[in-house]
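1. Quick one: sequence and predicted model below, then my questions.
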Amino acid sequence: MGIRGDVRSGWERARTWGAANPWAVDTGIALLVQAAMTMPFVVPRGPELEPATWPAYGLTTLTVVPLVWRRRAPLAVLLAILAASALYKLALEGPGQPLPYTGLVGVYTIAALSPAWKRFTTAGLLVVAVPASVWLNTQSARELTFSLFVFGAAYVFGRLTDARQRAQRVEAERAAARERARIAREMHDVLSHAVSLMVVQAEAGPVAVRTAPERAEAAFEAISETGREAMVQLRQMLGLLREGGEAAPREPQPDLADLPGLLERVRAGGLTVGYTTEGGVRALPAATGASVYRIVQEALTNVVKHAQARTVDVRLAHADGVLRVTVTDDGRGPQGGPGGHGLMGVRERAAAHGGTAETGPGPGGRGFEVRVLLPVQEGKG
């Protein structure tokens, strides 16, 4: 597995380097083609065969040189190759080649990179050039069939390459869109939670200053701590959006171990928060733990912003490979409608892990309750 990973990683690095250095790649391809076309000139030849002369070799090289520009002007490169090849055949009697290497590379490049009109032009050109080349060479049906086959195969491979690259681009765009949506959801959760707590605490501050100064001090400390925590998480997420320079250090995402701190910050705003666990506290995969934290965070934010509640209970229950997350308040209950972005985010997070999320009245029809079921595996710590 390690060797396969190293090979895949090396291949990806090579592809990245090649995409950044197309001139170097095309020059390397031209050198490889030149090496292949050199073989008939260095292999011992019988006296009955055409001599391998330096002028013939120089003209062979002339058919290869245009490949260096194959991506920039593929059709012009193919025309230059065909012209140089015709000159080689008509002006000199040099060694023949087992395959039309340069022409195949040119056709492949046009099929992979060029628009439809250039591809159709190339097809019409080959319909004329291939039979003409065969007539000048052996005038045999066997060579004609073989030549049409190899040029057709080069064209098909080019189209397959184009289809694969298009699919990769679409998948990359989808992955980028998913990542942007994930970061946007994270930023919404962080900002909504932090701002809601800070507003509640700030509104209670003036009253507390007059009646209970120690509570006012605690409220202002909670505002400061909530703001600092939000800034840390926002810096982390904004670092993921950087397009240049050094990547921002990636701190661990919050998980179940961070829930007590979250609940304590909510308590500082004057809300009574209970927290119970059933079935033991178990380690969860990092992604699942982070989602549970965000689900509880958003449910509490909803309570702070809308419920006008005095108490809220957070309950986590592990049983039979399922984690049940319940957040119940004693506030004014459902207000109609499907809920805002926060509750939508709760449902999306649950669905991302194969779970479900429901919202509605609490027990006995009082208050509001968020119920989330997540299939979980024993975590990796």
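-> Sure, I can see it.

2. Now tell me which helix or strand of the protein has the poorest mean pLDDT.
-> The weakest-scoring helix or strand in the chain, judged by mean pLDDT, DSSP states H and E, is helix 213-240 (a mean of 71).

3. So what touches the next helix or strand after it?
-> Remark: after helix 213-240, the chain's next helix or strand is helix 259-267, criterion DSSP states H and E. If you take CB atoms under 8 Å, 6 or more residues apart in numbering as the criterion, helix 259-267 is touched by 197, 222, 225-226, 229, 254, 273, 275, 293, 296-297, 300, 304, 312, 314. C-betas here are computed from N, CA, C, even on glycine.

4. Now helix 259-267: buried residues?
-> Within helix 259-267, the residues that qualify as buried by neighbour count (16 or more other CB atoms under 10 Å) are 259, 262-263, 265-267.

5. any idea how far it is from the chain center?
-> Distance of helix 259-267 from its chain centroid, counting by CA atoms, centre = their mean, to the nearest Å, is 34 Å.

6. Kindly indicate whether T326 is helix, strand or coil.
-> Assigned by DSSP: H, G, I helix; E, B strand; the rest coil, the conformation of T326 is strand.

7. can you give me phi and psi for H353?
-> With angles defined as degrees, to the nearest 10, H353 sits at phi -110, psi 20.

8. can you count the residues close to it?
-> 18 (other CB atoms under 10 Å).

9. which other helices and strands contact the biggest helix by length in the chain?
-> Counting by DSSP state H, the longest helix found in the chain is helix 141-211. On a contact count with 3 or more CB pairs under 8 Å, 6 or more residues apart in numbering; DSSP states H and E, helix 141-211 meets helix 101-113, helix 116-137, helix 213-240, helix 286-302, helix 341-352.

10. Could you rerun that using 6 Å?
-> helix 101-113, helix 116-137, helix 213-240, helix 286-302 (3 or more CB pairs under 6 Å, 6 or more residues apart in numbering; DSSP states H and E).

11. would TSV of those with mean neighbour count be doable?
-> TSV is the format used below for the helices and strands packed on helix 141-211 (neighbours: other CB atoms under 10 Å):
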stretch	mean neighbour count
helix 101-113	23
helix 116-137	15
helix 213-240	16
helix 286-302	22
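
12. Adding distance to A30, write those out as CSV.
-> Below are the helices and strands packed on helix 141-211 laid out as CSV (distance: least, CB to CB, whole Å):
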stretch, distance to A30
helix 101-113, 9
helix 116-137, 20
helix 213-240, 40
helix 286-302, 47
